[in-house]
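Participant: next input, structure requested:
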Amino acid sequence: MPNSKLIQKCTGCACMSLPFKELTVEQLIEINRNRAEITFKKGETIFKQGVMASHLVYLKTGLVKLYRENGHEEMILSIEGKGKLLGLQALFGKNLYPYSVQAYTETKVCLHDKSTIQDFINQNAGFAASLMKQLSDESLFWYDRTACLTLKQLHGRFADLLLCLSLRIYRRKKFKVPISKKEMAAVTNMSQESLSRVIKDFVGDKIIEMKGSEISILNYEKIRHLSMVG
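Facilitator: Predicted structure coming up:
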């Protein structure tokens, strides 16, 4: 089971997300009064698709996958790391989480009471606008993600995954991939055999170096080119 504890304060938080920087000190004190921190172990579910949404979830540390479920099948929407706000759609649409979230690694989150957040949306225009911008950016990202899975060839899909891990998640050229090849294949919507062939091509062309689960980017320009041309 996840461990939880009340946090002492929000004011001066070093990992505060952009929308929360729009809040007044008094509003941050109120946010703090209605939030908690929880640590999830690898493989634990943070929230489930279709469940009544009571909280907005902020990723403080760790790595998670967002996915849609249909019976026994699932489609991975994205991989997200620290700094991501989850469940924004439940603030403005149906009072249900539209996707499931599972921890890929040990993950620490802040749970923000949804009713408190909604009150501040009505009271603070800057806060509301910043949340709407994040929701818009998220929609655009998923449009691009859908186009990647439906229009791009295998090498283009794998190039997009590498750019995501290197630039969005880890922000460095060398990183350890915390997911299995089976999960990497699911993220890129290809078979494990196809993924292995693509990885072999990237290594053979000296685009990446791979040792176990560690990937080193050797040629960013080539990866960006493959991502563009698909």
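Participant: top helix in the protein by residue count?
Facilitator: Identified as the longest helix of the chain according to DSSP state H is helix 125-151.
Participant: what's the first helix or strand after that one?
Facilitator: Beyond helix 125-151 in the direction of the C-terminus, DSSP states H and E gives the next helix or strand as helix 154-163.
Participant: what's that next one in contact with?
Facilitator: Helix 154-163 is contacted from outside by 148-149, 152, 184, 187-190, 194-195, 197-199, 201-202, 208, 215, 217, 223-224, 226-227, 229-230, using C-beta atoms under 8 Å, 6 or more residues apart in numbering. Backbone N, C-alpha and C define where each C-beta goes, glycine included.
Participant: point out where this protein drops to low pLDDT.
Facilitator: Within the chain, the stretches falling below the threshold (pLDDT under 70) are 1-16.
Participant: now the helices for it?
Facilitator: Listed in chain order (using DSSP H), the helices of the chain are 25-33, 89-92, 114-123, 125-151, 154-163, 181-187, 192-204, 220-229.
Participant: tilt between the longest helix of the chain and helix 25-33?
Facilitator: With axes from the mean of the first three to the mean of the last three C-alpha atoms, to 10 degrees as the criterion, the two stretches helix 125-151 and helix 25-33 enclose an angle of 60 degrees.
Participant: which elements pack onto helix 125-151?
Facilitator: Of the remaining helices and strands, those touching helix 125-151 by 3 or more C-beta pairs under 8 Å, 6 or more residues apart in numbering; DSSP states H and E are strand 73-81, helix 89-92, helix 114-123, helix 154-163.
Participant: what do you get if the cut-off is 10 Å, keeping everything else the same?
Facilitator: strand 73-81, strand 85-86, helix 89-92, helix 114-123, helix 154-163 (3 or more C-beta pairs under 10 Å, 6 or more residues apart in numbering; DSSP states H and E).
Participant: closest to the centroid, which residue in the chain?
Facilitator: For the chain, Glu80 is the residue whose C-alpha lies nearest the centre (C-alpha atoms, centre = their mean; 1.8 Å).
Participant: quick check: bridge partners of that one?
Facilitator: Val64 (DSSP bridges).
Participant: measure it to Val187 for me?
Facilitator: 12 Å (C-beta to C-beta, to the nearest Å).
Participant: if I look at those two, which residues touch both of them?
Facilitator: Common neighbours of Glu80 and Val187, counting by C-beta atoms under 10 Å, 6 or more residues apart in numbering, are 65, 164.
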